[in-house]
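Colleague: any chance you could fold what I've pasted below:
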Amino acid sequence: MNRRLVRALVAATALAGLSTVAACGGGNPAGPAPTDATVVRTTGPLDEFFGAPSAGLTEEEMAAQERKVQESVVACMAAEGFEYRPFSMNQPIETAYDNFGTRAFAEKYGYGISTFATESVPAGPDSTGAPTDPNQAIVDAMSDSEREAYYAALYGAPVTAAESGAAEPMASTASMAPPGPEELGCTGAAQLEVYGAGPASPDQFNDLFERMSTLYEKVADDPAVAQAQTAWTACMADAGHPGLASVDDPMRQLSDRMNAFWSELDGTSPPPVATETATATDGSAFVGPDPDDPALIQLKADEIAMAVADFDCRESSRYQAAFDAVSQGLQEQFVRDNRAELERYRDAMNGGG
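Modeller: Down below sits the predicted model:
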């Protein structure tokens, strides 16, 4: 993906308030404290163009689009001589992460960094688990050649390096022909029919992305936000977590510690005692973590303590209220100054309209 687009989307997501959910700081001190079943997500003017929770289609409209895609795939595969049963991975699955941003999540899972290292993400109380593909039994009964033809019809014929232009490093993406039905497969053709083509390349919006990527930094540098962050830092120090200069530091530090822990398991240094071994995708032995490993137990305890303190300190310092107020104003000004370009980007992403 275009790196400028990545930075811009990160900025848009952070400005929409989703970064505070990921950091277990969803509480908005300007209003009532969130309950255990509520995750506060703030939104802003850029949502209209980059699809935060309040923007875009309703769940019913998205479900209707997906039904159209699946119906088209069924008809297309039948024309190719294959049976296909409607199936989508886009079904909602309730998990523990649905409570991300609540104090209850922080008390039990921290940020979800080390606490899920020895288990899969727990399903929520009403979850039936991941959906089962009804086509798997059909594929399992096929020979190798039949299976290859089935997937080629469903997802498109494999493209060689020469066909993709990889053998010509200087070739421009603008000069490449759009993919044909054989390359798209039934799934790609159905998605193209329902969702549209989208932009041929996001490079035409690089200047917009660059300007957007600075918005988050402008919010963080605002005096009101900086003052609230100073109060948050003092609060965290009082809670036993000194030396944190930014609200991003807790997750960053814990991620670094978890990465170091995984590095030991991968064999770069002597691994802790493990209860079982598995084979990695490259065939090498992978040593799984022992739930009773002292280092992992300590890491989990540190993560939970820091996440709970982070949640409380974001509220007491009014950090999120300050961030939201400044973000809202900067987003409004950015949209006023760049509306025509933002609308062109949104329309391009929607296939031209």
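Colleague: how many neighbours does the nearest residue to Tyr84 once chain neighbours are set aside have?
Modeller: Counting by C-beta to C-beta, 6 or more residues apart in numbering, Met77 is the residue found nearest to Tyr84 once chain neighbours are left out, at 3.8 Å. Placement of C-beta: from N, CA and C, glycine included. Neighbours of Met77 under the rule other C-beta atoms under 10 Å: 21.
Colleague: checking my notes, Met77 in a helix, right?
Modeller: Yes. Secondary structure of Met77, determined by DSSP: H, G, I helix; E, B strand; the rest coil: located in a helix.
Colleague: so what's it up against?
Modeller: When contacts are counted by C-beta atoms under 8 Å, 6 or more residues apart in numbering, Met77 is found next to 83-84, 153-154, 186.
Colleague: closest one to Tyr111 out of those, please.
Modeller: Leu154 (37.6 Å; C-beta to C-beta).
Colleague: list the buried residues in the helix or strand harbouring that closest one.
Modeller: When elements are defined using DSSP states H and E, Leu154 is found to belong to helix 144-155. Judged by neighbour count (16 or more other C-beta atoms under 10 Å), helix 144-155 contains these buried residues: 149-151, 153-154.
Colleague: same thing with stretch 78-86?
Modeller: Buried residues in stretch 78-86, defined by neighbour count with 16+ other C-beta under 10 Å: 82, 84.
Colleague: so where do the strands sit in the protein?
Modeller: 277-279, 285-287 (DSSP state E).
Colleague: worst average pLDDT in those?
Modeller: Of all the strands of the chain, strand 277-279 carries the lowest average pLDDT, namely a mean of 41.
Colleague: with just CA atoms, put stretch 226-241 into PDB.
Modeller: Once side chains and other backbone atoms are set aside, the C-alpha atoms of stretch 226-241 remain, and they are given as PDB (Å, rounded to 0.1, in the frame of the first residue of the first chain):
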ATOM      1  CA  ALA A 226       0.200  19.100  25.800                       C
ATOM      2  CA  GLN A 227      -1.000  20.400  29.200                       C
ATOM      3  CA  ALA A 228      -3.400  17.500  29.500                       C
ATOM      4  CA  GLN A 229      -0.600  15.100  28.600                       C
ATOM      5  CA  THR A 230       1.600  16.600  31.200                       C
ATOM      6  CA  ALA A 231      -1.100  15.900  33.800                       C
ATOM      7  CA  TRP A 232      -1.500  12.400  32.400                       C
ATOM      8  CA  THR A 233       2.300  11.800  32.800                       C
ATOM      9  CA  ALA A 234       2.200  13.000  36.400                       C
ATOM     10  CA  CYS A 235      -0.800  10.800  37.100                       C
ATOM     11  CA  MET A 236       0.900   7.700  35.600                       C
ATOM     12  CA  ALA A 237       4.000   8.500  37.700                       C
ATOM     13  CA  ASP A 238       1.900   8.700  40.900                       C
ATOM     14  CA  ALA A 239       0.400   5.300  39.900                       C
ATOM     15  CA  GLY A 240       3.800   3.700  39.700                       C
ATOM     16  CA  HIS A 241       4.700   4.200  36.000                       C
END
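Colleague: and Leu296, how far is that from Leu254?
Modeller: In this view, Leu296 and Leu254 are 12 Å apart by C-beta to C-beta, to the nearest Å.
Colleague: which residues are common contacts for the two?
Modeller: Joint contacts of Leu296 and Leu254 (C-beta under 8 Å, 6+ apart) are Ser114.
Colleague: give me every residue that touches the nearest residue to Gln191 once chain neighbours are set aside.
Modeller: Setting aside the residues directly before and after it, Gln191 is nearest to Val69 in space (C-beta to C-beta, 6+ apart), at 5.8 Å. Contacts of Val69 were listed using C-beta under 8 Å, 6+ apart, and they are 88, 187, 190-191, 193-195.
Colleague: again, but for Pro250
Modeller: Residues near Pro250 by C-beta under 8 Å, 6+ apart: 23, 111, 236, 241, 244, 306-307, 310.
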